[in-house]
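Peer 1: make a model of this:
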Amino acid sequence: MGDFFKNVSRYPRYLISFTLGVFFVFFNWIKPLFKNPVSAIAVAGITIGVFSFLYFTLRAMLGLSPI
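Peer 2: Numbering: from 1, shown residues only. This is a model prediction of the structure:
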């Protein structure tokens with residue numbers, strides 16, 4: 001039974017390292033786009049748009065605001 005809990009306790013560390021790895025790879029992929037001001041504005045706009053879309057979608061799905 002101790003091996004089970006030892007194995008389960010590894011999952012949060014795996015989740016954190018996986019998530020940080022995804023963000024690190026994504027940031028390294030996006031970083032060259034910030035050298036050009038036009039593409040930097042486009043990336044910033046797309047990022048704000050994606051977060052806004054997720055925010056409003058989750059708010060509507062959870063019933064936090066009347067529609």
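
Peer 1: from here on, just use CA atoms for contacts and neighbour counts.
Peer 2: OK.

Peer 1: which residues in the chain form helices?
Peer 2: 2-8, 10-30, 37-61 (DSSP state H).

Peer 1: could I get the ones you listed as JSON lines with mean pLDDT and mean neighbour count?
Peer 2: Output for the helices of the chain, formatted as JSON lines (pLDDT from 0 to 100; neighbours: other C-alpha atoms under 10 Å):
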{"stretch": "helix 2-8", "mean pLDDT": "83", "mean neighbour count": "9"}
{"stretch": "helix 10-30", "mean pLDDT": "93", "mean neighbour count": "11"}
{"stretch": "helix 37-61", "mean pLDDT": "94", "mean neighbour count": "12"}
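
Peer 1: domain ranges for the protein?
Peer 2: 1-33, 36-67 (automatic domain parsing).

Peer 1: list the residues that contact Phe34.
Peer 2: When contacts are counted by C-alpha atoms under 8 Å, 6 or more residues apart in numbering, Phe34 touches Ala40.

Peer 1: and it, how far from Leu62?
Peer 2: As judged by C-alpha to C-alpha, to the nearest Å, Phe34 and Leu62 stand 35 Å apart.

Peer 1: what's the answer for Met1, then?
Peer 2: The separation that Met1 has from Leu62, given C-alpha to C-alpha, amounts to 38 Å.
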